[in-house]
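# build me a model:
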Amino acid sequence: MSKKAPPETALYVRLPANAVDKLHRAAEALGVHKKDLVASLVSKYVDPDSRHGLHALGSLSQPRRVTVDLGENGPTMGTYSFQPYDPPEVLNAEQAGQFLQIEENVVIELAEAGKLPGRKLGNAWRFSRDALVAWLAGPESR
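Predicted coordinates for the structure are as follows:
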């Protein structure tokens, strides 16, 4: 019985000329199709189900170029690097304030009043990111 090839999907990408040249030369030297070489590289190096894998992959990507139309003065060119943000599961008061987009002292006041879910460990407050999200999504208490 012959093995059935896995299903394929088309992918069209624009690559820098030097990257295309490297891919072409590597595929030719190895005697494989470029699509098979790319599929092997993706299988080996791309892990979208792992934070570590995504972070490593994100560090390899080039910043994206963004064009902003400012009207009469013409376009302005700039770059922005898209990096994944992986906030910790347990936040201190400062991080909780950044997460909630409020001042740290407001976080502490709310926590001390029992209005914000958190735990005081010694002199320091700690907050579960999931508990803060649930608190935000829950009904407003008066």
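
# the protein: helices as residue ranges?
For the chain, applying DSSP state H gives helices covering 17-30, 34-45, 51-60, 93-100, 104-112, 129-137.

# looking at these, spot the one closest to residue 86.
Nearest to residue 86 among the helices of the chain is helix 51-60; the distance by Cβ to Cβ comes to 5.4 Å. C-beta coordinates here come from the backbone N, C-alpha and C atoms, glycine included.

# what sits against the closest residue in space to residue 36 that isn't next to it in sequence?
Nearest non-adjacent residue to residue 36, counting by Cβ to Cβ, 6 or more residues apart in numbering: residue 27, 7.9 Å away. The contact partners of residue 27, by Cβ atoms under 8 Å, 6 or more residues apart in numbering, come to 33, 34, 36, 37.

# now do residue 27, the pLDDT please.
What the model reports as pLDDT for residue 27 is 86.

# just checking, residue 24 touches residue 34?
Yes - assessed by Cβ atoms under 8 Å, residue 24 is found in contact with residue 34 at 6.7 Å.

# distance of residue 129 from residue 118?
Distance of residue 129 to residue 118, computed by Cβ to Cβ, to the nearest Å: 11 Å.

# name the spans of this structure whose pLDDT lies under the cut-off.
1-2, 59, 61-85, 141-142 (pLDDT under 70).

# picking up where we left off before, which of the helices of the chain is buried the deepest?
Mean neighbour count (mean count of other Cβ atoms under 10 Å) peaks for helix 93-100 among these, with a mean of 18.

# centre of the chain versus that helix, how much separation?
19 Å (Cα atoms, centre = their mean, to the nearest Å).

# could you do stretch 93-109 as well?
Relative to the chain's own centre, stretch 93-109 is displaced by 23 Å; criterion: Cα atoms, centre = their mean.

# for it, how far is the first residue from the last?
Stretch 93-109 has an end-to-end distance of 10 Å (criterion: Cα to Cα, to the nearest Å).

# other residues contacting that stretch?
87, 88, 91, 111, 116, 118, 124, 125, 127, 129, 132, 136.

# which two among these are spaced furthest apart?
So, those by Cβ to Cβ: farthest apart are 124 and 136, at 22.1 Å.

# where's the residue lying closest to residue 135 once chain neighbours are set aside relative to residue 9, distance?
Closest residue in space to residue 135, ignoring its immediate chain neighbours: residue 117 at 5.3 Å, by Cβ to Cβ, 6+ apart. According to Cβ to Cβ, residue 117 stands 44 Å off from residue 9.
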